[in-house]
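Colleague: sharing a model that was predicted from the sequence below.
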Amino acid sequence: MNRTTGHRLFAALAALALFATACETSTKTTPTALEPGEPARVERVRIAGGDWGYPSPFGGNQTGPSVVANSLVFDALLYQDAAGNTIPWLAREWKTSADGREWRFTMRDNARWHDGRPVTAEDVAFSFDYITNGAGKTASRFAVRVPVTEVAVEAPNIVVLRTATPYATFVKDIGIRIPIFPRHIWSEVADPVKYRDPKALVGSGPYRLESWTEATNSYLFVANDDHFMGPPHVKRIEAVPAQNELLALQRGEIDAANPGDNPLPEEAFKPFEDTQRYGQINAAGLIGVTFHFNIKRGAPYDDKRFRQAMAYALDRQDIVRRILYGRGEPASMGMLQPSDSQWFAPNLPTYPRDLARARSLLDQAGIRDLDGDGLRELPSGETYRPQMLTSSTMNAKVTDLVKEYLLEVGIEVRVETVDNRSFQSATTEARYEMALINYGMSNDPEWLHLFVASSTATSSFAKVHGWVNPRFEDLAERQAAQLDVAERTRTGIEMQRIIADDVPTVPLYVANRSLVFDKSVMDNWFFMKGWGPLYPGHLNKLVFQTTKRTGF
């Protein structure tokens with residue numbers, strides 16, 4: 001049974017993927033999660049909640065933890081282990097043709113929806129159709145374009161996806177990223193964003209949402225003991241309010257604390273030096289803050305000299321020292337992280353702070369101090385006081401430092417701080433002049449293509465609005481279809497070099513990933529290697545679902 005799905009597929013996550021090989025791939029069925037000899041199940045784990053939205057396929061927001069919440073309830077065809085390897089999930093096997101244009105997924109026989117009905121290839125085909133051609137086409141939270149042209153159901157447990165051209169990140173973008181949802185429920189839903197019936201949360205995932213308190217951003221997930229991977233290791237996951245996660249952990253209000261990019265000196269970690277009770281894990285950073293220009297606004301943002309001047313004015317090393325206390329690094333000006341990624345471009349410009357050069361470039365761009373008062377004016381003679389939009393979740397000290405740096409070159413910014421939902425809306429719709437935006441920086445060049453730098457990138461809060469570079473556009477399109485890793489690596493490096501030279505944004509820093517946790521509650525925490533299509537923080541469903549990390 002063939003189903004035309006159009007030219008672009010809309011998926012549900014803001015991040016991007018690793019290379020998916022074009023050679024035929026086949027995997028074996030994953031064993032159940034709880035095998036003899038594994039530790040006893042954990043009764044409850046409490047984590048810090050957040051403004052994640054309603055965890056239906058269309059009800060959440062664009063944050064990484066929101067995607068995690070969704071993945072607890074809804075499964076995808078494939079998943080990723082702790083080492084970053086693709087593993088079977090709803091699909092127990094998958095294969096691709098030699099030309100990389102056809103992907104065949106064989107579904108598990110024991111996957112069930114929470115209401116007891118079997119998960120079939122028909123549900124997979126419906127999910128694709130609904131997101132692409134149905135009511136979900138414009139409602140998808142993360143409109144990621146993937147050139148799927150046809151979906152065919154060949155048997156109750158076999159679905160085939162076809163593309164017009166090869167797609168280098170197909171497994172990660174399609175297999176891992178797209179939540180599969182039940183046809184028998186969603187086929188009657190005309191407005192998926194507003195759909196809040198309890199049936200909207202009938203998934204096949206390892207957890208069910210027991211309760212959600214929107215006012216306090218509190219969630220309670222309970223284990224789905226009938227999951228095809230076996231009963232989840234953690235029986236209850238409680239997301240509760242916790243403004244200061246380390247303090248909440250110390251008080252016993254939560255069981256694991258993520259310091260994030262808060263300015264915490266070493267003294268803040270002293271209460272957790274008791275290694276008998278507390279554990280800590282650390283990893284290279286992938287989430288950071290970027291200084292965005294809205295180039296759609298025209299002058300001065302469309303002038304490369306102005307953007308380079310901003311890069312020289314902003315002291316990225318100082319931010320790392322004063323905000324992160326050294327627990328992080330300036331982000332790559334090519335925008336891909338981390339530096340050990342195969343796609344990472346070495347030896348890019350770093351734009352060390354150089355006030356003289358910044359002032360000279362501003363003069364060349366026509367933003368000059370005409371009256372000698374220390375503040376710069378536009379060519380019209382009007383004092384240049386640009387808006388700098390920030391979210392209420394942004395570290396206020398970062399905002400203060402950026403304002404301080406720019407004032408030293410004669411630019412007095414007007415800081416406008418709004419709640420996170422308003423911020424995401426404004427940055428997605430390009431309703432700002434400049435903005436400080438916090439997001440995960442992927443390690444794959446396709447992320448630059450789909451989410452951030454390309455003029456054809458889907459509009460999201462991370463998109464650089466208005467930047468057009470014909471050479472970059474050509475390379476971005478080319479790498480998407482390059483199945484040879486070496487060739488695609490060369491293309492990705494050139495893309496980063498163009499970004500570093502043209503400065504469509506100024507990536508400020510990435511904070512090291514860090515987690516402190518109460519070992520007496522659970523000692524199974526880990527950070528997934530790399531970025532992939534999944535949230536790179538401590539929250540992913542494998543942490544809660546099984547004590548296994550690899551070997552699926």
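Modeller: Ah, there it is. Numbers count the residues shown, from 1 in each chain.
Colleague: could you pull out the helices for the stretch 301-450 of the chain?
Modeller: 304-313, 316-323, 355-364, 396-407, 420-428, 445-447 (DSSP state H, counting those that start in this stretch).
Colleague: tell me the most buried of the ones you listed?
Modeller: helix 445-447 (a mean of 28; mean count of other Cβ atoms under 10 Å). No exception for glycine: its C-beta is placed from N, CA and C like everyone else's.
Colleague: name the SS class of Val160, please.
Modeller: Secondary structure, DSSP: H, G, I helix; E, B strand; the rest coil: Val160 is strand.
Colleague: please name the nearest non-neighbouring residue to it.
Modeller: Computed as Cβ to Cβ, 6 or more residues apart in numbering, the closest residue to Val160 that is not its neighbour in sequence is Ala152, at 4.4 Å.
Colleague: redo the helices of the stretch 301-450 of the chain as TSV? Include mean pLDDT and distance to Leu378.
Modeller: Shown next, in TSV, are the helices of the stretch 301-450 of the chain (pLDDT from 0 to 100; distance: least, Cβ to Cβ, whole Å):
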stretch	mean pLDDT	distance to Leu378
helix 304-313	98	11
helix 316-323	94	27
helix 355-364	98	11
helix 396-407	97	15
helix 420-428	93	23
helix 445-447	89	35
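Colleague: to Lys235, which of those lies closest?
Modeller: Relative to Lys235, the nearest member of the helices of the stretch 301-450 of the chain by Cβ to Cβ is helix 420-428, separated by 30.5 Å.
Colleague: and that closest one, how far from the chain's centre?
Modeller: 16 Å (Cα atoms, centre = their mean, to the nearest Å).
Colleague: residues making contact with that helix?
Modeller: By Cβ atoms under 8 Å, 6 or more residues apart in numbering, the residues outside helix 420-428 that reach it are 51, 61-62, 292, 389-393, 418, 431-432, 435, 437, 459-463.
Colleague: how does it look with 10 Å?
Modeller: 50-51, 53, 61-63, 292, 294, 389-394, 416-419, 431-432, 435-439, 458-463, 465 (Cβ atoms under 10 Å, 6 or more residues apart in numbering).
Colleague: buried only: go through these for me.
Modeller: 50-51, 53, 61-63, 292, 294, 389-391, 394, 417, 432, 435-439, 458, 460-463, 465 (16 or more other Cβ atoms under 10 Å).
Colleague: my guess is the residue nearest to Val160 contacts Arg162. True?
Modeller: Yes: counting by Cβ atoms under 10 Å, Ala152 does reach Arg162; the two are 7.2 Å apart.
Colleague: buried set for stretch 170-189?
Modeller: Buried residues in stretch 170-189, counted by 16+ other Cβ under 10 Å: 170-183, 185-186, 189.
Colleague: what's the end-to-end length of it?
Modeller: In stretch 170-189, first residue to last residue: 28 Å (Cα to Cα, to the nearest Å).
Colleague: average pLDDT across it?
Modeller: Mean per-residue pLDDT for stretch 170-189: 92.
Colleague: distance of the closest residue in space to Pro147 that isn't next to it in sequence relative to Ala481?
Modeller: Spatial nearest neighbour of Pro147, chain neighbours left out: Thr163 (5.1 Å); criterion: Cβ to Cβ, 6+ apart. Distance of Thr163 to Ala481, given as Cβ to Cβ, to the nearest Å: 9 Å.
Colleague: for the residue lying closest to Thr350 once chain neighbours are set aside, give me its contacts.
Modeller: Here the nearest residue to Thr350 in space, its sequence neighbours aside, is Met333; by Cβ to Cβ, 6+ apart that works out to 6.6 Å. Counting by Cβ under 10 Å, 6+ apart, Met333 makes contact with 311, 316, 345, 348-351, 496-497, 499-501, 503, 505-507.
Colleague: among the residues you listed, which ones are buried?
Modeller: Buried by 16+ other Cβ under 10 Å: 311, 316, 345, 348, 351, 496-497, 499-500, 503, 505-507, out of those.
Colleague: of all the residues you listed, which comes closest to Gln276?
Modeller: Among those, and counting by Cβ to Cβ, the member closest to Gln276 is Arg316, at 38.7 Å.
Colleague: surely Gln280 and Phe269 touch.
Modeller: Yes: counting by Cβ under 10 Å, Phe269 is a contact partner of Gln280 at 7.9 Å.
Colleague: who touches both of the two?
Modeller: Common neighbours of Gln280 and Phe269 (Cβ under 10 Å, 6+ apart) are Ala257, Ser514, Val516.
Colleague: scan those and report the most crowded one.
Modeller: With neighbours set by other Cβ atoms under 10 Å, the maximum within those is found at Ala257, which has 27 neighbours.
Colleague: and Thr163 and Ala481? Which one has more around it.
Modeller: Applying other Cβ under 10 Å to Thr163 and Ala481 shows that Thr163 carries more neighbours, namely 21 against 15.
Colleague: that one touches Thr169, doesn't it?
Modeller: No: using Cβ under 10 Å, Thr163 is not in contact with Thr169, being 11.6 Å away.
Colleague: low-confidence ranges in the stretch 101-250 of the chain?
Modeller: Applying pLDDT under 70 to the stretch 101-250 of the chain flags the ranges 140-146.
Colleague: kindly recompute the last result at 50.
Modeller: 142-143 (pLDDT under 50).
Colleague: show me the beta-bridge partners of Val148.
Modeller: When bridges are called by DSSP bridges, Val148 pairs up with Thr163.
Colleague: surely it meets Val159?
Modeller: No: the pair Val148 / Val159 is not scored as a contact, 11.5 Å apart, by Cβ under 10 Å.
Colleague: which of the two has more neighbours?
Modeller: Between Val148 and Val159, counting by other Cβ under 10 Å, Val159 is the more crowded of the two (28 against 24).
Colleague: number of nearby residues for the spatially closest residue to the more buried one that is not a sequence neighbour?
Modeller: Leaving out its chain neighbours, the residue that sits closest to Val159 by Cβ to Cβ, 6+ apart is Ala121, at 4.0 Å. By other Cβ under 10 Å, 22 other residues sit near Ala121.
Colleague: ok so, going back, list residues touching both of Thr163 and Ala481?
Modeller: Gly100, Pro147.
Colleague: and the shared contacts of Gln280 and Phe269 as CSV, adding pLDDT, secondary structure and distance to Phe105?
Modeller: Compiled in CSV, the shared contacts of Gln280 and Phe269 are given as follows (pLDDT from 0 to 100; DSSP: H, G, I helix; E, B strand; the rest coil; distance: Cβ to Cβ, whole Å):
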residue, pLDDT, secondary structure, distance to Phe105
Ala257, 95, strand, 38
Ser514, 90, strand, 37
Val516, 96, strand, 39
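Colleague: buried residues in the longest strand seen in the chain, which are they?
Modeller: The strand of greatest length in the chain, counted in residues with DSSP state E as the criterion, is given as strand 278-293. Of the residues in strand 278-293, those with enough neighbours to count as buried (16+ other Cβ under 10 Å) are 278-279, 283-293.
Colleague: likewise for stretch 155-170?
Modeller: Buried residues in stretch 155-170 (16+ other Cβ under 10 Å): Asn157, Ile158, Val159, Val160, Leu161, Arg162, Thr163, Pro166, Tyr167, Ala168, Thr169, Phe170.
Colleague: list the residues that contact the second one.
Modeller: Taking Cβ under 10 Å, 6+ apart as the criterion, Ile158 is in contact with Ala91, Glu93, Arg104, Phe105, Thr106, Met107, Thr120, Ala121, Val124, Ala152.
Colleague: before we move on, the earlier item: between Val148 and Val159, what contacts are shared?
Modeller: Here Val148 and Val159 share the contacting residues Trp103, Phe128, scored by Cβ under 10 Å, 6+ apart.
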